[in-house]
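In: Predicted model, plus sequence, below.
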Amino acid sequence: MTGSAAVGSAATGGAAGPGGSSPRKRLQRVEILKIAEPCPLIDPSQVVVTQGEILVADPVLTPIGNE
């Protein structure tokens, strides 16, 4: 989908312009190039679970841990 839009924002400063008129608005043109489509979910039958090696370590007390 391609399109464009104009976005208005108040000018910075907030002070009235010459002659006491309100601040001018700036317009910025934005073009949308492409809207991404969501990726399809995988089927549960495609999931393969393998159990790896479980490593175990003994606790070690450091000098700080002995206090």
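Out: Here it is on my side, so go on.

In: What ranges in this protein fall below the confidence cut-off?
Out: Low-confidence segments of the chain, defined by pLDDT under 70: 1-21, 65-67.

In: 80 - rerun?
Out: Residue ranges of the chain with pLDDT under 80: 1-23, 35, 64-67.

In: Quick one: the strands in it, in order.
Out: Secondary structure of the chain by DSSP state E: the strands cover 3-10, 25-32.

In: tell me the contacts of residue 38?
Out: Contact partners of residue 38, counting by CB atoms under 8 Å, 6 or more residues apart in numbering, are absent. Placement of C-beta: from N, CA and C, glycine included.

In: same question, residue 49
Out: Neighbour list for residue 49: empty [criterion: CB under 8 Å, 6+ apart].

In: Would you mind stating the distance between it and residue 40?
Out: To residue 40, residue 49 is 21 Å away according to CB to CB, to the nearest Å.

In: Also residue 33?
Out: Per CB to CB, residue 33 is found 22 Å from residue 40.

In: and if you look at residue 34?
Out: 18 Å.

In: and what of residue 30?
Out: According to CB to CB, residue 30 and residue 40 sit 29 Å apart.

In: what about those two, which has more around it?
Out: Taking neighbours as other CB atoms under 10 Å, residue 30 and residue 40 compare with residue 30 leading, 9 against 6.

In: For that one, give the beta-bridge partners.
Out: residue 5 (DSSP bridges).

In: neighbours around residue 27, how many?
Out: Residue 27 has 9 nearby residues by other CB under 10 Å.

In: any idea how far it lies from residue 33?
Out: According to CB to CB, residue 27 and residue 33 sit 20 Å apart.

In: Which residue ranges of the chain form helices?
Out: With helices called from DSSP state H, the chain shows none.
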